[in-house]
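J.: got a structure for you, letters missing:
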């Protein structure tokens, strides 16, 4: 069992930055690939970024490449998402996700979800 708790969301102006954090419970955190998804108003939940259990590989949605950075600290059971140069299209609830097995990011493949943290970008 893995429990995920996100924090760091808030209201920010366009062009600004935020850092989201995800605290994970459990002693086997370093066996899980970790990711971030988001769900904007009236939209489906979508993949944003993922990082392999070892931290050696990361991947991003095209819409956030070059602006967002995912990282993890296994010794602290933490995952981070740095959001830079935000725009109104980034307004969404951001969810932390964990999965084992193959490194792929379909929604159905996620084993555990956090409760989400709201990011609102004002223009």
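T.: That came in fine, so what should we check first? What you see is a predicted model, and the numbers here were worked out from it, not measured in a lab.
J.: Identify all residues paired with the most centrally placed residue in the chain through a beta bridge.
T.: Nearest to the geometric centre of the chain sits residue 36, at 2.2 Å (C-alpha atoms, centre = their mean). According to DSSP bridges, the residues that bridge with residue 36 are residue 49, residue 96.
J.: Likewise for residue 11?
T.: residue 120.
J.: Please work out how many residues are found near it.
T.: 12 (other C-beta atoms under 10 Å). No exception for glycine: its C-beta is placed from N, CA and C like everyone else's.
J.: now residue 44
T.: 8.
J.: Then residue 76?
T.: Neighbours of residue 76 using other C-beta under 10 Å come to 10.
J.: still on that earlier bit, list the contacts for the residue nearest to the centre of the chain?
T.: 20, 22, 48, 49, 50, 70, 79, 81, 94, 95, 96, 97 (C-beta atoms under 8 Å, 6 or more residues apart in numbering).
J.: switch to 7 Å and redo it
T.: 48, 49, 70, 81, 94, 95, 96, 97 (C-beta atoms under 7 Å, 6 or more residues apart in numbering).
J.: How about residue 94?
T.: Contacts of residue 94 by C-beta under 7 Å, 6+ apart are 6, 9, 20, 36, 38, 116, 117, 119.
J.: packing partners for the helix or strand where the third one lies?
T.: Assigning secondary structure by DSSP states H and E places residue 20 in strand 18-24. With contacts defined as 3 or more C-beta pairs under 7 Å, 6 or more residues apart in numbering; DSSP states H and E, the packing partners of strand 18-24 are strand 4-7, strand 78-83, strand 92-99.
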